[in-house]
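*Asks:* build me a model from this:
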Amino acid sequence: MEQIYTTHINEKFDKAKADPACGCPVCTLYRMLEENELDLILGASMMEPDVRIKTNKLGFCDIHSKMMFTRKNRLGMALTLESHLDELRKEIEDKPLLVPGYPARARIEELESTCYVCGRIDTNYTHLIDNLVYMWGADEAFREKFAAQPYFCLPHYRMMLNMAKAKLPKKQYNEFAKAAGDVVLPYFDSLRDDISWFCKKFDYRFADEPWGNSKDAVERAMKFLRGDIHR
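*Replies:* The predicted model follows:
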């Protein structure tokens, strides 16, 4: 299997191993893919006919529309939107013999659940998780690096388990599941303790006690439960 993401995976895992504040390394990899796709759609890919056909059909979700807007390439975004609006206007126009308003209702409903950038990320992300699981199975040094991560968020914990179940032999899958759990569960327990202490700090009886690691427990719990990504 072609290992196109090996360098990026090792780099992000190394950073998270060295600095736990980096958080879930798989979230960091997602954000890297997201940045790459936003750069491409407002740069080299913008005027490619096959890309324009796809952006006309899929459009962009609210999150990625806003991220594109803040990247300061308003002309690039405007050109993409001009083409998208032109095609969309044709598609939602009522046609003879159809229920009035049907093309508009159907097309807009479809558009509300699609995004060109999300689709690109999801495809590449599946390959990345596949590569990650392959590396764990084939490289003892990566296994050690994997075990030294600060945590994996729950959505990416699930994704890795699903991929490992599909790709690894049963014995290796069981080993992978244990290795991933050995990273996730201790963090889960320590986070639960921090959240509990955060709550107690609002009780006057504990007001003078030190905060310990609990000051940012709410933010860390949100990232752990849902992932530190823009979705």
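
*Asks:* output the longest helix belonging to the chain.
*Replies:* In the chain, taking DSSP state H as the definition, the longest helix is helix 170-200.

*Asks:* got the buried residues for that helix?
*Replies:* 173, 175-177, 179-180, 183-184, 187-188, 191, 194, 197-198 (16 or more other C-beta atoms under 10 Å). (Glycine included, C-beta is placed from N, CA and C.)

*Asks:* do stretch 25-37 as well
*Replies:* Buried residues in stretch 25-37 (16+ other C-beta under 10 Å): 25-30, 32-34, 37.

*Asks:* same question, stretch 72-90
*Replies:* Those would be 73, 76-77, 80-81, 83-84, 87-88, for stretch 72-90 by 16+ other C-beta under 10 Å.

*Asks:* check contacts around the nearest residue to residue 24 once chain neighbours are set aside.
*Replies:* Leaving aside its chain neighbours, residue 24 sits nearest to residue 153 (4.3 Å; criterion: C-beta to C-beta, 6 or more residues apart in numbering). Counting by C-beta atoms under 8 Å, 6 or more residues apart in numbering, residue 153 touches 23-24, 26-27, 223-228.

*Asks:* which helix or strand in this protein has the lowest average pLDDT?
*Replies:* One helix or strand of the chain scores below all others by mean pLDDT, DSSP states H and E: helix 102-111, with a mean of 88.

*Asks:* re earlier: tell me how far the residue nearest to residue 24 lies from residue 25.
*Replies:* 10 Å (C-beta to C-beta, to the nearest Å).

*Asks:* can you check residue 219 too?
*Replies:* 18 Å.

*Asks:* just residue 148 next, same as before
*Replies:* Distance of residue 148 to residue 25, computed by C-beta to C-beta: 10 Å.

*Asks:* and residue 108, how many residues sit next to it?
*Replies:* Neighbours of residue 108 under the rule other C-beta atoms under 10 Å: 12.

*Asks:* then the one 10 residues further on?
*Replies:* Other residues within reach of residue 118 by the criterion other C-beta under 10 Å amount to 19.

*Asks:* begin at 8, not 1, for the rest of this chat.
*Replies:* Right, with 8 as the first residue, what we last looked at is residue 125.

*Asks:* does it lie in a helix or a strand, and which?
*Replies:* Residue 125 is located in helix 123-145, with elements delineated by DSSP states H and E.

*Asks:* now do the buried residues in that helix.
*Replies:* Quick answer for helix 123-145 (16+ other C-beta under 10 Å): 123-125, 127-128, 131-132, 135-144.

*Asks:* again with stretch 217-227
*Replies:* By neighbour count with 16+ other C-beta under 10 Å, stretch 217-227 contains the buried residues 221, 224, 227.

*Asks:* for the residue positioned nearest the centre of the chain, which non-adjacent residue is spatially closest?
*Replies:* Per C-alpha atoms, centre = their mean, the C-alpha nearest to the average position across the chain is that of residue 37, at 4.3 Å. In this structure, residue 37 finds its nearest non-sequential neighbour in residue 236, 4.9 Å apart by C-beta to C-beta, 6+ apart.

*Asks:* Three-state assignment for that neighbour, please.
*Replies:* coil (DSSP: H, G, I helix; E, B strand; the rest coil).

*Asks:* any weak-confidence spans in this structure?
*Replies:* Residue ranges of the chain with pLDDT under 70: 8-10, 101-106, 238.
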